[in-house]
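Turn this into a structure:
(chains A and B)
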Number of protein chains: 2
Amino acid sequence: MIDLEQIRQAAARLAPWVRRTPVLTSRTLDERTGAAVFLKCENFQRIGAFKFRGAMNALLTLDDDAKRRGVVTHSSGNHAQALALAGKRLGVPVCIVMPRTAPAVKRQATEGYGAEVVSCEPTLADREATVSRLIAERGYHLVHPYDDWNVIAGQGTAAWELLDEVGPLDVVITPVGGGGLLSGTAITVKGRSPATQVIGAEPEAADDALRSLLSGRIEPSHDPKTIADGLRTSLGQRPFSVIRSHVDTIATASESGILDAMRFLFERMKIVVEPSGSLPLAVLLNGRVPAEGRRIGLILSGGNVDLEPLFAALGSQVASRS
Amino acid sequence: MIDLEQIRQAAARLAPWVRRTPVLTSRTLDERTGAAVFLKCENFQRIGAFKFRGAMNALLTLDDDAKRRGVVTHSSGNHAQALALAGKRLGVPVCIVMPRTAPAVKRQATEGYGAEVVSCEPTLADREATVSRLIAERGYHLVHPYDDWNVIAGQGTAAWELLDEVGPLDVVITPVGGGGLLSGTAITVKGRSPATQVIGAEPEAADDALRSLLSGRIEPSHDPKTIADGLRTSLGQRPFSVIRSHVDTIATASESGILDAMRFLFERMKIVVEPSGSLPLAVLLNGRVPAEGRRIGLILSGGNVDLEPLFAALGSQVASRS
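Numbers count the residues shown, from 1 in each chain, chains lettered A, B, ... in the order given. Okay, here's the model as predicted:
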């Protein structure tokens, strides 16, 4: 397992490469919760999500030979674009294995950063076989989306910046999907301030992290029905080992609670946050986390949400007038 | 006419009351335009628009007797909410005259800040008669949405903060509707840096400011068909006198150009900006303003946009799964 020293090194290593994202506050939110709430806006991070931190840290820690050979991963989401952009910045070849059913727009966005996309069948077996084949044939290094210590250390640097900026906190809440962000955050926060609570937030409809903490082993997530598409994954082994030892609890939110939180962020804070990124606010607003008089940090993990319905409606308004 | 000294005083007077909004930058935007672009985010201002600056400055400059009697204005938009909130903060009674056809949600938002809403017929004649009657009966002071020097001075403080934060600029672009923001900005920018260009941005479909500059008198705006609902107004006399003498030019954007700019702000910058607030970026992206190698400030005036189509679509996704 890694410790605070690896996070400290990752923060220094990443400083020239990542965006130091702003921390926003809201008088309305403080009045509603009775807390002092600090929102670390990783939706403003490069590629629109915290994932760039972990991907970049993984590439920066490769030796020169591995950098020349390149890296591979499986993802059709933010990790794919994060690794593609990190590879472009550092001149490291990047190959992304994506199910052939992935939306064309995701494929194009990844290729737009110069990565090669290799299609596989939409099954776990073929995905793993394809990745293994590429590693064997081309000597690639695997950068797993969350089950990788260098990725976890990178994700922990968002909380590192948050604590640097706002000082001591009573609680820090992050979303939990595969567990990379939550485990990196927990190492950072508990390392710097053992009394601070660290809480993971997940949809009620995808509560595998909560069930895993209760049973003591990784409970798989079976195609859960949640709007928070970034949190449908099961926990990785490395993140789970950290979460068991460092995380205080997991809180959940309903689907309508997730949308209410997202709406608050759009309408009142004027920021674009994806459903997964709204989970920490959702568990705060539904009262699952005692808030009165406490200083609470929320990590808003990303802002990559499909805005087509909004722009289709605005486009129709324009068309109906001309 | 007011000068830089009034803006300086307004900036000092407003500092404890307004939000010092962030200035964002975007590597993608700089690469696309060849410029260094600075976005002053007044969508993050209280009530979601720059209008709070002017309204607050107008109330802070009233004498004690006028403060006791209260103020009146006509608006169903951002100025109504801005004045209502300013009155609430200072304990000044606020009365808003709104056409009875205004959306219930606007009326409720204004009443939510403690203002009284008086309905009128949706005609200019009845609106003015209603305001005059209230002034005669109750001794109210009128705070016009833009044709008021104290309002104009308040609006100019957004550019004041922008220059303080990023230093000298070659160009500053703001939207132009009634002209309060553009005229206040022009006094600020030309007062501090006479060589800096000041440009107003308006929809092609509502180009009354451009026509007014060309003809030398205020050309009325006749119910123009534009998605930028904040910019449908004709220029006020005081703003026009400043614009004639201080503003370099007016640039226009098409309706689809406005939507493209708004989409860039949502998708790439992850911020919520209303159509009117997207105009400065729209004229920059359509090439109307020479950009290569220049330092360009854009004032994103507000973020109050109807997001119902987006949340309706997300709500349907949730409902279809449960």
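
Centre of the chain to the least confident helix or strand in chain A by mean pLDDT, how far?
Counting by mean pLDDT, DSSP states H and E, chain A has its least confident helix or strand at helix A:104-112, which shows a mean of 89. With Cα atoms, centre = their mean, to the nearest Å as the basis, helix A:104-112 stands 19 Å off its chain's centre.

repeat for stretch A:36-54
With Cα atoms, centre = their mean as the basis, the distance from the averaged C-alpha position of stretch A:36-54 to the chain average is 8 Å.

Following element in sequence after the least confident helix or strand of chain A, please.
strand A:116-120 (DSSP states H and E).

list the helices and strands the least confident helix or strand of chain A packs on?
Where contact means 3 or more Cβ pairs under 8 Å, 6 or more residues apart in numbering or on different chains; DSSP states H and E, helix A:104-112 is packed against helix A:78-90, strand A:94-99, strand A:116-120. For the C-beta atoms, the positions are set from N, CA and C on the backbone; glycine is no exception.

Now do it against strand A:116-120: the angle between them, please.
Between the axes of helix A:104-112 and strand A:116-120, defined by axes from the mean of the first three to the mean of the last three Cα atoms, to 10 degrees, the angle is 140 degrees.

what about A:G293, how many residues close to it?
The number of residues packed near A:G293 is 9, by other Cβ atoms under 10 Å in any protein chain shown.

For chain A, which residues are neighbours of chain B?
Where chain A comes near chain B, counting by Cβ under 8 Å from any Cβ of the partner chain, the residues are A:22, A:24, A:41, A:43-44, A:48, A:225-227, A:255-256, A:259, A:262-263, A:266-267, A:269-273, A:275, A:303, A:307, A:309-315, A:317-318, A:321-322.

now do 6 Å
Those residues of chain A that sit near chain B, judged by Cβ under 6 Å from any Cβ of the partner chain, are A:43-44, A:225, A:227, A:255, A:259, A:263, A:266, A:270, A:272, A:303, A:307, A:309-311, A:313-314, A:317-318, A:321.

among those residues, which ones are buried?
A:43-44, A:227, A:255, A:259, A:263, A:266, A:270, A:272, A:303, A:307, A:309-311, A:313-314, A:317-318 (16 or more other Cβ atoms under 10 Å in any protein chain shown).

And the residue of the stretch 1-150 of chain A that's closest to chain B?
Each residue of the stretch 1-150 of chain A has a distance to chain B, by Cβ to the nearest Cβ, and the smallest belongs to A:N43, at 4.6 Å.

ok, so what distance separates that residue from B:L235?
Distance of A:N43 to B:L235, computed by Cβ to Cβ, to the nearest Å: 37 Å.

Now do stretch A:226-240: distance to the chain's middle.
Its chain's average C-alpha position is 10 Å from that of stretch A:226-240, according to Cα atoms, centre = their mean.

Revised request: answer the last question for stretch A:84-91.
Computed by Cα atoms, centre = their mean, the chain-centroid distance of stretch A:84-91 equals 19 Å.

contacting residues for A:E202?
Residues counted as contacts of A:E202 (Cβ atoms under 6 Å, 6 or more residues apart in numbering or on different chains) are A:176, A:209, A:231, A:252.

now do 8 Å
Taking Cβ atoms under 8 Å, 6 or more residues apart in numbering or on different chains as the criterion, A:E202 is in contact with A:175-177, A:208-210, A:228, A:231, A:250-253, A:279.

and of those, the nearest to chain B?
A:A228 (10.4 Å).

Tally up the residues packed near that closest one, please.
The tally of other residues near A:A228 (other Cβ under 10 Å) stands at 25.

I'd like the distance from it to B:R321, if you could.
Noted for A:A228: a distance of 12 Å to B:R321, by Cβ to Cβ.

hmm, who's touching the least confident helix or strand of chain A?
Among residues not part of helix A:104-112, those counted as contacts by Cβ under 8 Å, 6+ apart are A:76-77, A:80-81, A:84, A:96, A:98, A:117.

Recalculate using a threshold of 7 Å.
Among residues not part of helix A:104-112, those counted as contacts by Cβ atoms under 7 Å, 6 or more residues apart in numbering or on different chains are A:76, A:80-81, A:84, A:96, A:98, A:117.

for that helix, which positions count as buried?
Within helix A:104-112, the residues scored as buried using 16+ other Cβ under 10 Å are A:106-107, A:109-110.

Touching, A:A186 and A:V242? I think so.
Yes: taking contacts as Cβ atoms under 7 Å, A:A186 lies within contact range of A:V242: 5.7 Å.

residue ranges of the strands in the stretch 51-200 of chain A, please?
Remark: strands assigned in the stretch 51-200 of chain A by DSSP state E, counting those that start in this stretch are A:71-74, A:94-99, A:116-120, A:141-142, A:171-175, A:197-203.

Can you tell me the SS state at A:T252?
Following DSSP: H, G, I helix; E, B strand; the rest coil, the label given to A:T252 is strand.

ok, it - how many residues close by?
A:T252 sits with 20 neighbouring residues when counted by other Cβ under 10 Å.

so what pLDDT did it get?
pLDDT, A:T252: 98.

Once you drop chain neighbours, what's closest to it?
A:E204 (4.5 Å; Cβ to Cβ, 6 or more residues apart in numbering or on different chains).

Report the contact partners of the one you found.
Taking Cβ under 7 Å, 6+ apart, we find A:E204 in contact with A:252-254.

cool, A:K88 as well?
Applying Cβ under 7 Å, 6+ apart, we find A:K88 in contact with A:113-114.

hmm, back to that, so among the contacts of helix A:104-112, where is pLDDT lowest?
Lowest confidence among the contacts of helix A:104-112: A:S76, with 82.
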